Each structure stands twice: as C-alpha cells, then as structure tokens.
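Trainee: coords please:
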Amino acid sequence: MLELHFTCPKQGKEFRSAQWTVDPDLKAVTDPDGRKHLRGGVRVLCPLCSELHVYAPDELACPLQAPKTNRAPNTLTA
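Mentor: Residues are numbered from 1 along each chain as shown. Got it, this is the predicted structure:
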C-alpha cells in the first residue's frame, strides 16, 4: 500500500502512513476553468496524538515528493 505524508493538526508534526482510507464518495470534479480536483476526504489514525484526522486531497503532499524524514513508528512502506 502507498504511504502518504500527513501533518498532525494538533502537534504540527509530520508523519507518513500507509494506513489511510478514502471516503466512499470521493470523486473527481471539474471547475469552471476545466481543471480537475478531487472532492472528498482521506482519513488516517494519527500515531502522534491517536486521533482520527480527515484531510482534503489537496491538503496532502505528493508521496513521491514529500520528505522521508519524521517517520512514525509502525508505518508500512510500499
């Protein structure tokens, strides 16, 4: 499974996790200018504060460009 890069909104620290899910109603929408965006949420249990966080897809860093530092314990790698 693919690891994504997240930032804990409570602690402001970054972590990576492969244990995320997407909302069942996640969908691609096209804005008036013809650009496509994802609408919905990505959910992950935070290993830093133990709370469930929900992120909009555009809040997440590209997993191919996000730094590989600050890995949370017990995360899986793709």
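
Trainee: can you name the element that comes right after the helix or strand of the chain with the lowest mean pLDDT?
Mentor: The weakest-scoring helix or strand in the chain, judged by mean pLDDT, DSSP states H and E, is strand 36-39 (a mean of 87). As assigned by DSSP states H and E, the chain's next helix or strand after strand 36-39 is strand 42-45.

Trainee: just the CA trace of that following strand, in CSV.
Mentor: Taking Å, rounded to 0.1, in the frame of the first residue of the first chain, the C-alpha atoms of strand 42-45 are listed here in CSV:
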residue,chain,number,x,y,z
VAL,A,42,-8.7,11.0,3.3
ARG,A,43,-8.8,9.6,6.8
VAL,A,44,-5.9,8.4,8.9
LEU,A,45,-5.4,7.5,12.6
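
Trainee: now that strand: buried residues?
Mentor: In terms of neighbour count (16 or more other Cβ atoms under 10 Å), strand 42-45 has its buried residues at 42, 44. In short, each C-beta sits where N, CA and C put it, glycine included.

Trainee: quick check: next helix or strand after that strand?
Mentor: strand 52-55.

Trainee: thinking again about what came up before, the least confident helix or strand of the chain pairs with which strands?
Mentor: strand 27-30 (antiparallel) (DSSP bridges).

Trainee: sweet, I'm off.
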